[in-house]
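Novice: only geometry, no sequence info:
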Ligand SMILES: Nc1ccn([C@@H]2O[C@H](COP(=O)(O)OP(=O)(O)OP(=O)(O)O)[C@@H](O)[C@H]2O)c(=O)n1
Ligand SMILES: O=C(CO)[C@H](O)[C@H](O)COP(=O)(O)O
C-alpha cells in the first residue's frame with residue numbers, strides 16, 4: 001500500500017517544541033543566518049513554589065509521568081546550536097535533579113547549586129561559565145536565561161532572542177498586559193493607575209551577551225539580589241545596555257498556581273494529539289477501514305502504512321499515536337512486536353505513546369474460550385507496557401453489510417479513538433471497548 005497523508009488545514013502550533021523541527025528550517029523561515037556562535041542556557045530552578053502550595057516545588061511536579069523541569073530542558077536541549085544547559089537547583093534537590101537528568105537522558109545539562117533568591121540562583125548559574133577549566137561549561141557568546149517553570153518555548157522565538165542579544169547585548173520576550181497596573185497607598189487605597197497601552201509584561205526567555213550580564217551581576221547590590229525581579233534591568237543599570245524587546249506567544253506564561261499545572265498538561269496533550277499513524281493488516285477490509293478512519297480523523301495529520309512496512313521505523317519519529325487495525329482471528333498479532341520496538345528505541349522515554357488496537361470482526365462473534373484467552377493476553381500486555389509509558393487500548397468493531405449501520409460504527413470508532421488519544425488516560429489501558 002502506498003503511504004498516504006492528509007493534513008489538517010488549521011494545525012495548531014507546537015508551543016512546547018514537542019515535535020521535531022530543526023533550527024535551520026526555523027532560521028530559513030526567519031530569513032536570518034543560523035546561529036554560528038556558542039549559546040548556553042541558564043534555567044533557574046531553585047525556588048520553593050510557595051504560591052503553588054504543594055509540598056513539591058512546582059518545577060518537580062509531574063505532568064504525564066515527567067517532571068515539569070524536564071520539558072523545559074528538552075525545549076532547549078533538542079536545538080543543535082545550544083551547547084550547554086545549566087540548571088540551578090536548591091542544594092536539597094541536587095540528587096533529585098541528577099536522577100531526572102539520568103532518567104530522561106538529558107545530555108547537555110550541568111546542575112549547580114541555587115541561592116536564596118532568583119537573582120542569586122541566576123548569578124550562580126552564570127558563574128559556572130567563568131570557570132575556564134570546566135570543559136562542560138565553556139564560556140558562551142550569548143546566554144539565554146529562562147525560568148525552569150515556563151515549559152513552552154518555541155525555537156523561532158529563541159532564535160530571535162539569541163540573534164537580538166548578539167546584536168544589541170540584551171533582549172527579552174514581552175506580552176501585552178491583560179490587567180491594568182495600579183499603585184496602592186499603604187492604607188490599601190488607589191494611589192494612581194498606569195496607562196495600560198504604554199506598558200508590557202516582561203516574560204522569559206531573555207538573552208544576553210555573556211560578558212554583559214555577568215558583569216552586571218558582579219556589580220549588583222544586596223538590594224538587587226534580595227528584591228530584584230528583572231535581569232534586563234540589571235544590564236541597563238550596570239552596563240548601559242538597552243534590551244531589544246520581542247513580543248512572544250501567550251504560552252510563555254509562568255506556571256505559578258495549581259491550575260497552571262492543569263493548563264500545561266492540556267497544552268502538552270493537545271500537541272501530542274496532532275498526528276497519528278494507522279497501521280493496517282493485509283486484508284482488503286482492514287485497508288478500507290484504515291482509509292475511512294484516516295478521512296474521519298481530518299483534524300489530525302495521519303499516515304496509513306501497511307503491516308509489511310511496519311519494520312521500517314521511519315514512521316515512528318513522526319507521531320506518538322498508533323492505531324493498529326487487524327481482523328478478528330489474526331489475534332492482536334503485530335501489536336506486541338510494535339510495542340517491543342518502541343521499547344528498543346526508547347520512543348516512550350519522553351512522552352506516553354498511545355496504541356489503539358482495533359479488532360475488525362467480520363462475523364458475529366460468540367464468546368468462546370479463544371476470545372477470552374485473547375482478551376486475557378491483551379490485558380496482560382497492556383499492564384506490562386504501561387510500565388514502559390505505552391498506553392494500550394482496544395476497540396472492537398463489527399462489520400455490517402448495512403451501510404448506515406457500518407457508517408455509525410465507524411463514526412463511533414473515530415470518536416472513541418480521538419478521545420483515547422486526547423485524554424491519554426492511564427486508568428483505561430487494557431480495556432476492550434466496542435464501537
Ligand atoms: N531562590 C530561587 C527562587 C526562584 N528560583 C526560580 O526562578 C523561577 C521563577 O520564580 P518563581 O516563579 O517566583 O518561582 P518560586 O520562587 O519557586 O515561586 P513562588 O514565588 O510562588 O515561591 C523558578 O523557576 C524558580 O525555581 C530560583 O532559581 N531560586
Ligand atoms: O517576570 C520575570 C521576568 O522579568 C521573571 O520571570 C520572574 O518571574 C520574576 O521573578 P519572581 O516571580 O521570582 O519574583
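Specialist: Cool, the structure landed. The structure displayed is predicted, hence computed values, not measured ones. Residues are numbered from 1 along each chain as shown. Ligands and ions are numbered 1, 2, ... in the order given.
Novice: and the host helix or strand of residue 263, what's buried?
Specialist: Element membership of residue 263, judged by DSSP states H and E, is helix 258-272. By neighbour count on 16 or more other CB atoms under 10 Å, the buried set for helix 258-272 is 260, 261, 264, 267, 268, 269, 271, 272. All C-beta spots, glycine's among them, are computed from the backbone N, C-alpha and C.
Novice: how close does the closest residue in space to residue 35 that isn't next to it in sequence sit to residue 43?
Specialist: With CB to CB, 6 or more residues apart in numbering as the criterion, residue 35 has its nearest non-adjacent residue at 4.2 Å, and that residue is residue 81. Counting by CB to CB, to the nearest Å, the gap from residue 81 to residue 43 is 17 Å.
Novice: these two: which is more packed in?
Specialist: residue 43 (29 against 18; other CB atoms under 10 Å).
Novice: for that one, which three-state class applies?
Specialist: Classification of residue 43 by DSSP: H, G, I helix; E, B strand; the rest coil places it in strand.
Novice: do I have it right that it meets residue 84?
Specialist: No: counting by CB atoms under 8 Å, residue 43 stays clear of residue 84, with 10.9 Å between them.
Novice: what about the residue of the stretch 101-250 of the chain found nearest ligand 1, distance to residue 215?
Specialist: Residue of the stretch 101-250 of the chain nearest ligand 1, by CB to the nearest ligand atom: residue 121 (3.3 Å). Distance, residue 121 to residue 215, by CB to CB: 18 Å.
Novice: what about those two, which has more around it?
Specialist: Neighbour count, other CB under 10 Å: between residue 121 and residue 215, residue 121 has more, with 24 against 16.
Novice: find residues that contact each of residue 43 and residue 84.
Specialist: Taking CB atoms under 8 Å, 6 or more residues apart in numbering as the criterion, residue 43 and residue 84 do not both touch any residue.
Novice: show me the contacts for the residue of the chain found nearest ligand 1.
Specialist: Residue of the chain nearest ligand 1, by CB to the nearest ligand atom: residue 47 (2.1 Å). Taking CB under 8 Å, 6+ apart as the criterion, residue 47 is in contact with 57, 58, 59, 90, 118, 121, 149.
Novice: and the residues you listed, which are buried?
Specialist: Here, 16+ other CB under 10 Å leaves 57, 58, 59, 90, 118, 121, 149 buried among the contacts of residue 47.
Novice: leaving out the residues flanking it, which one is nearest to the second one?
Specialist: This means residue 58. residue 49 (3.8 Å).
Novice: how deep is residue 398 tucked in, by neighbour count?
Specialist: 17.
Novice: that one contacts residue 361, correct?
Specialist: Yes: judged on CB under 8 Å, residue 398 makes contact with residue 361 at a distance of 4.8 Å.
Novice: what's the helix or strand for residue 292?
Specialist: Residue-wise, residue 292 maps onto helix 284-296 under DSSP H and E.
Novice: same thing with residue 414?
Specialist: Going by DSSP H and E, residue 414 is in helix 403-423.
Novice: so that helix versus helix 258-272, what angle?
Specialist: For helix 403-423 against helix 258-272, the angle by axes from the mean of the first three to the mean of the last three CA atoms, to 10 degrees is 130 degrees.
Novice: ramachandran angles for the residue lying closest to residue 226 once chain neighbours are set aside?
Specialist: In space, and not counting its chain neighbours, residue 226 is closest to residue 117: 6.0 Å by CB to CB, 6+ apart. Main-chain torsions, residue 117, degrees, to the nearest 10: phi -130, psi 170.
Novice: am I right that residue 348 is in a strand?
Specialist: No: counting by three-state DSSP, residue 348 falls outside a strand, being coil.
Novice: so what pLDDT did the nearest residue to it once chain neighbours are set aside get?
Specialist: In this structure, residue 348 finds its nearest non-sequential neighbour in residue 389, 3.8 Å apart by CB to CB, 6+ apart. pLDDT for residue 389: 94.
Novice: count of residues packed around residue 389?
Specialist: Residue 389: 20 surrounding residues under other CB under 10 Å.
Novice: report the contact partners of it.
Specialist: 65, 348, 349, 351, 352, 353.
Novice: now swap in residue 206 and tell me
Specialist: Contacts of residue 206 (CB under 8 Å, 6+ apart): 144, 145, 146, 161, 165, 170, 171, 172, 173, 231, 232, 243.
Novice: for residue 348, same thing?
Specialist: Residue 348 makes contact with 342, 388, 389, 390, according to CB under 8 Å, 6+ apart.
Novice: can you pick out the most distant pair from these?
Specialist: 342 and 389 (8.8 Å; CB to CB).
Novice: what touches both of the two?
Specialist: 348, 353.
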